[in-house]
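A.B. asks: fold the following.
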Amino acid sequence: MQRLRNTLDTLAALTVLVVGSYAGYGMYTKSKPPTPPKVEIPKDPLPLEGLPTLGQPTAQVGIVEFSDFQCPYCARFALDTFPQVKSQLIDAGKVRFYFANFPLEGIHKYARPAATAAVCAQDFWQAHDLLFNKQSELADTISLVPQRLVFDEIGVGFPPECTKAVDNTIALGKKFHVSGTPHFFVGTIAGNSLQIKSVLSGAVSFDTLAKEIQ
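C.D. replies: As a prediction, this is how the structure comes out:
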């Protein structure tokens, strides 16, 4: 009986030690969160020519979003955050906003067709809203985008002007080390280029984006 009691006492002591160790580890990790990786700011200016844009020509600050119409995080930004960006920053004359298609073809089957349809659309920003609002039905929604350029003679694919435009923005994104979406470059507009001041990734909040233009 005494031996059993000694064994139980030993196990209880070990339990207290283990629990205490985990508690201490938890307190340490909460007090010292991991440092986020530093993002290198590209030194080269980012070309803006040909990108769909919103905002007043006099705005000196620009935001360029690289986006994918099938990306759920891009849809979250487009539906939850972009309306506030438009009303408080773009329409207020504080920034010009640019959109660059960057379809992640390896994981999103309909991203590139959607990007091409948007580029060919009669109104890019209407297509932007339609495609993100109906992202869950993207395969069917692409055909609903009113086109400003007719399809080729056999009715398959998009005109080469539109596919080339998507190729160009993909190449541009890769040149500036875009690997995921949404991806934002914020900076000063100088002619047809953006002198980059900061880089943001993910479905950032309005406050985070607004802080970068102050």
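
A.B. asks: in this protein, which residue is most central in space?
C.D. replies: residue 182 (0.9 Å; C-alpha atoms, centre = their mean).

A.B. asks: from residue 86, how far off is the residue lying closest to residue 123 once chain neighbours are set aside?
C.D. replies: Nearest non-adjacent residue to residue 123, counting by C-beta to C-beta, 6 or more residues apart in numbering: residue 146, 7.5 Å away. All C-beta atoms are positioned from the backbone trio N, CA, C, and that covers glycine. Using C-beta to C-beta, to the nearest Å, residue 146 is found at 21 Å from residue 86.

A.B. asks: please parse the protein into its domains.
C.D. replies: 1-34, 46-212 (automatic domain parsing).

A.B. asks: quickly, which of those domains bottoms out on average pLDDT?
C.D. replies: Mean pLDDT values for the domains of the chain show the minimum at domain 1-34, a mean of 42.

A.B. asks: A helix includes residue 74, no?
C.D. replies: Yes. Residue 74: assigned to a helix according to DSSP: H, G, I helix; E, B strand; the rest coil.

A.B. asks: ok, it - contacts?
C.D. replies: With contacts defined as C-beta atoms under 8 Å, 6 or more residues apart in numbering, residue 74 is in contact with 67, 68, 132, 181, 182, 203.

A.B. asks: try residue 99
C.D. replies: Taking C-beta under 8 Å, 6+ apart, one finds 51, 52, 53, 64, 65, 67, 124, 128 in contact with residue 99.

A.B. asks: so which of those comes closest to residue 170?
C.D. replies: Using C-beta to C-beta, residue 67 comes nearest to residue 170 of those, at 11.9 Å.

A.B. asks: ok, that closest one touching residue 104?
C.D. replies: No. The pair residue 67 / residue 104 is not scored as a contact, 10.1 Å apart, by C-beta atoms under 8 Å.

A.B. asks: now for the two: what residues contact both?
C.D. replies: Joint contacts of residue 67 and residue 104 (C-beta under 8 Å, 6+ apart) are residue 181.
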